[in-house]
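Asks: Make a model of this:
(2 chains)
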2 protein chains.
Amino acid sequence: MIPKIAQFLRDHVPATPCLVLDVDRVEENYRRLKDALPLARVYYAVKANPAAPILSRLTGLDSSFDAASWEEIEACLAAGARPDAISYGNTIKKVAAIKAAHEAGVTMFAFDSEPELLKIAKHAPGARVYCRILVENKGAEWPLSRKFGCELEMARELMVKARELGLDPYGISFHVGSQQTSTAAYEGAIARVAMLFTDLKEAGVKLRMVNLGGGYPVRYRQEVPGIDDFGTAIMGAMTRHFGNDLPEMLIEPGRFLVGDAGVVSAEVVLVSRKGKDDPVRWVYLDIGRFGGLAETEGEAIKYTFRTPHDGGSDGPVTIAGPTCDSTDTLYEKSNYRLPLALDCGDRVELLSTGAYVTSYASQAFNGFRPLAEHYI
Amino acid sequence: MIPKIAQFLRDHVPATPCLVLDVDRVEENYRRLKDALPLARVYYAVKANPAAPILSRLTGLDSSFDAASWEEIEACLAAGARPDAISYGNTIKKVAAIKAAHEAGVTMFAFDSEPELLKIAKHAPGARVYCRILVENKGAEWPLSRKFGCELEMARELMVKARELGLDPYGISFHVGSQQTSTAAYEGAIARVAMLFTDLKEAGVKLRMVNLGGGYPVRYRQEVPGIDDFGTAIMGAMTRHFGNDLPEMLIEPGRFLVGDAGVVSAEVVLVSRKGKDDPVRWVYLDIGRFGGLAETEGEAIKYTFRTPHDGGSDGPVTIAGPTCDSTDTLYEKSNYRLPLALDCGDRVELLSTGAYVTSYASQAFNGFRPLAEHYI
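Replies: Next comes the predicted model:
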């Protein structure tokens, strides 16, 4: 655990559940990412954690921002971001939101369909647009299915159309899936983008930007490749496919910047067994899937736990949240073990929970309020 | 759609997404349930929808309440409920919450483990307690796994222990799973409870109450048995197993009381295809899984849609929410069809969405605020 967070928890013993996040670590992560991919411009994926202290710190570092909604754009502007440093990256936008963003000075918009392109042309005339294409998500622990992106052929036609509509056909984006643990995922995606660049150049449309998306992984229970490995793989593929004519490169890290900067502090509400001789204990925490740990769905993201009894003998456990909903069970099949001494009232920490926790939290499921947030 | 709700939507055209709920329908459902099971006392499962207008109306009807947390107990008290009409039905409770409930006059508590029983004995001395047992959830569309309840043998020992601890060993509860579509589910569960009653009587502990839980289904896309069928099945099983010595009966309906009383009004944000010849359109709404439609996880609960183009030709669709998360997809495999004329900006209604929507809604995922609520 980050020493500063451990110290905060010792000194303040904040009410649980809560998130404690070290904003300095976010800055370190930003610098590490810039070192690994110096040619890429960083657009922080605000959805990972939209807290003002994070947005302000990143603004100070000259980061750009990837916003999913008008409300996220507002949060970036409030934190001091310049409108032209904000990309409206959601391919699904209400007309009113496009208008508001355009009027606020946002100039870059994502799309993946003709109807969306028409909306942008009408309500954000002249904007820079980029088309999201479908790519493989193999290797991602939180894959992104077909919800976003379109086929290559459609992307080609839509970029031609963008120019006809008076828009600036700026570039192509893709997303290899969140918590992507395979550096190879970028090779195939970049190859597809390069084909599009070539095809469109022949059609007289000169694209200038590749948006490499996010997906850079954080270490949870398993080791993952380092960010330098991703940097090397990406730059290798980019030079292989684009040669000396490298386009602008954008990346949209979310989890990578804030994930390992945060710790959720929780309380054990109950430790029980279903039958006297049941070897598996049920450990119920005061935070669960509906309190913000949404990424434990299907046991996809496997957080690491710290307890006051670490090092003592342990045994198998099922770990669940506090609500009267049995889908509010975090880990039943992932072979978690926790100390036998663990008891009701103990405080436990869930490491690397800085991303995708606070914003997922339900407003009041079972009456439980969202977790508190401490940015230090 | 309930005419009163249709009228409200026409007259007010409220901003989307929102829930419009007819409180009179809740009262009708309450009365239908009382007619079907006149001997049972109704404990409304507050978690299904904790809105004050619902709690107040039910208080006026002399309903009791099943609360999952201290916050839900506070909401019931604020709505005028008597503390002794509130059951603290969550088997996972913080010590501070047990204390608060006890001090507020709540006298009935659920448990399913020894540690929880000890907490109740210490912090709510003399309370009426009931033990939740594990039963089959076959036939439930939202089954409840093993998170709640214990084995019969453990329940027997714990009820004996409850008496030793100075508590009032009041009864036994079970839950056949939510949206339970099989009336047969109650037969096996009641048989297990009756065995426990007999065993415990021999041990000198005379139980007085059976809590039959909730689970009574609402019609979504498929027909379900009527509440009278459940009443008949339950009373048949009760008299078969208890004869003339019927214990008090409690039921904990949530969905049944509020589900069909509510309609979510949403806006179509985008209708698109992934490739030009793709037969399936993607329809993106301004509400999704993280905006409150959490029960569409695994496409478990299948809502019915109304659109302005109903009756025209239709085609296959995938239906998704507005966030940049591809798990925010509602229906991809359930063979939904929607009109071909459906377009961006159209308003659609999701029927029977009065239960388990508002409280699940995330506080701000992707920056989107929780849906508005209108109780009429």
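Asks: Where does pLDDT dip in the stretch 1-150 of chain A?
Replies: Applying pLDDT under 70 to the stretch 1-150 of chain A flags residues A:142-144.
Asks: Is residue A:351 in contact with residue A:263, as I believe?
Replies: Yes: assessed by C-beta atoms under 8 Å, residue A:351 is found in contact with residue A:263 at 5.9 Å. C-betas here are computed from N, CA, C, even on glycine.
Asks: Neighbour count: those two, which is higher?
Replies: Neighbour comparison, residue A:351 and residue A:263: the larger count goes to residue A:263, with 26 against 21 (by other C-beta atoms under 10 Å in any protein chain shown).
Asks: Phi first, then psi, for residue A:350.
Replies: Residue A:350 adopts backbone torsions of phi -110, psi 120, taken as degrees, to the nearest 10.
Asks: thinking again about what came up before, could you tell me which residues touch both of residue A:351 and residue A:263?
Replies: Common contact partners of residue A:351 and residue A:263 (C-beta atoms under 8 Å, 6 or more residues apart in numbering or on different chains): residue A:1.
Asks: Give the pairing partners of the longest strand along chain A; include direction for each.
Replies: The longest strand of chain A (DSSP state E) is strand A:262-272. The pairing partners recorded for strand A:262-272 under DSSP bridges are strand A:18-21 (antiparallel), strand A:281-285 (antiparallel), strand A:347-350 (antiparallel).
Asks: can I get these in CSV with mean neighbour count?
Replies: Shown next, in CSV, are the strands paired with strand A:262-272 (neighbours: other C-beta atoms under 10 Å in any protein chain shown):
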stretch, mean neighbour count
strand A:18-21, 25
strand A:281-285, 24
strand A:347-350, 21
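Asks: right, and these - which one's nearest residue B:295?
Replies: Closest of the strands paired with strand A:262-272 to residue B:295 is strand A:281-285, at 21.7 Å (criterion: C-beta to C-beta).
Asks: Contact residues of the stretch 101-250 of chain A facing chain B?
Replies: By C-beta under 8 Å from any C-beta of the partner chain, the residues of the stretch 101-250 of chain A that approach chain B are A:112-116, A:119, A:134, A:142-151, A:153-154, A:157.
Asks: from those residues, which would you call buried?
Replies: Buried members of these, scored by 16 or more other C-beta atoms under 10 Å in any protein chain shown, are A:112-114, A:116, A:119, A:134, A:142-144, A:146-151, A:154, A:157.
Asks: wait, doesn't residue A:86 sit right on residue A:68?
Replies: No: between residue A:86 and residue A:68 there is no contact under C-beta under 8 Å: 11.1 Å.
Asks: More neighbours: which of those two?
Replies: residue A:68 (27 against 24).
Asks: ok, then the element right after the longest helix that chain A contains?
Replies: With residue count as the measure and DSSP state H as the assignment, chain A has helix A:185-202 as its longest helix. With elements assigned by DSSP states H and E, the helix or strand that comes after helix A:185-202 is strand A:209-211.
Asks: what packs against that following strand?
Replies: Under the contact definition 3 or more C-beta pairs under 8 Å, 6 or more residues apart in numbering or on different chains; DSSP states H and E, strand A:209-211 sits against strand A:128-132, strand A:168-173, strand A:248-251.
Asks: What is the longest helix of chain A packed up against?
Replies: Looks like helix A:185-202 contacts helix A:152-164, strand A:168-173, helix A:227-242 (3+ C-beta pairs under 8 Å, 6+ apart).
Asks: and stretch A:220-240, what's its mean pLDDT?
Replies: Regarding stretch A:220-240, the rounded mean pLDDT is 92.
Asks: Extract the CA atoms of that stretch and return them as PDB.
Replies: Provided in PDB are the C-alpha atoms of stretch A:220-240 (Å, rounded to 0.1, in the frame of the first residue of the first chain):
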ATOM      1  CA  TYR A 220      -4.300  -6.500  -9.400                       C
ATOM      2  CA  ARG A 221      -3.700 -10.100  -8.300                       C
ATOM      3  CA  GLN A 222      -1.600 -11.000 -11.400                       C
ATOM      4  CA  GLU A 223       1.500  -9.500 -12.900                       C
ATOM      5  CA  VAL A 224       0.800  -7.500 -16.100                       C
ATOM      6  CA  PRO A 225       3.200  -6.200 -18.700                       C
ATOM      7  CA  GLY A 226       4.800  -2.800 -17.800                       C
ATOM      8  CA  ILE A 227       3.800   0.400 -19.500                       C
ATOM      9  CA  ASP A 228       7.200   0.400 -21.300                       C
ATOM     10  CA  ASP A 229       6.300  -2.900 -22.900                       C
ATOM     11  CA  PHE A 230       3.100  -1.300 -24.300                       C
ATOM     12  CA  GLY A 231       5.000   1.800 -25.400                       C
ATOM     13  CA  THR A 232       7.500  -0.400 -27.300                       C
ATOM     14  CA  ALA A 233       4.800  -2.500 -28.900                       C
ATOM     15  CA  ILE A 234       2.700   0.500 -29.900                       C
ATOM     16  CA  MET A 235       5.700   2.500 -31.300                       C
ATOM     17  CA  GLY A 236       6.900  -0.700 -33.100                       C
ATOM     18  CA  ALA A 237       3.500  -1.200 -34.800                       C
ATOM     19  CA  MET A 238       3.200   2.500 -35.600                       C
ATOM     20  CA  THR A 239       6.500   2.800 -37.300                       C
ATOM     21  CA  ARG A 240       6.000  -0.600 -39.100                       C
END
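Asks: beta partners of the residue of the stretch 201-350 of chain A found nearest chain B?
Replies: Using C-beta to the nearest C-beta, residue A:272 is the residue of the stretch 201-350 of chain A that sits closest to chain B, at 3.2 Å. When bridges are called by DSSP bridges, residue A:272 pairs up with residue A:282.
Asks: Could you measure from it over to residue A:340?
Replies: 13 Å (C-beta to C-beta, to the nearest Å).
Asks: Also residue A:348?
Replies: 14 Å.
Asks: now swap in residue A:350 and tell me
Replies: 20 Å.
Asks: Check residue A:235 too.
Replies: Relative to residue A:340, residue A:235 is positioned 49 Å away (C-beta to C-beta).
Asks: which one of the two has more residues nearby?
Replies: Applying other C-beta under 10 Å to residue A:235 and residue A:340 shows that residue A:235 carries more neighbours, namely 18 against 14.
Asks: so that one touches residue A:40, yeah?
Replies: No: taking contacts as C-beta under 8 Å, residue A:235 lies outside contact range of residue A:40: 9.0 Å.
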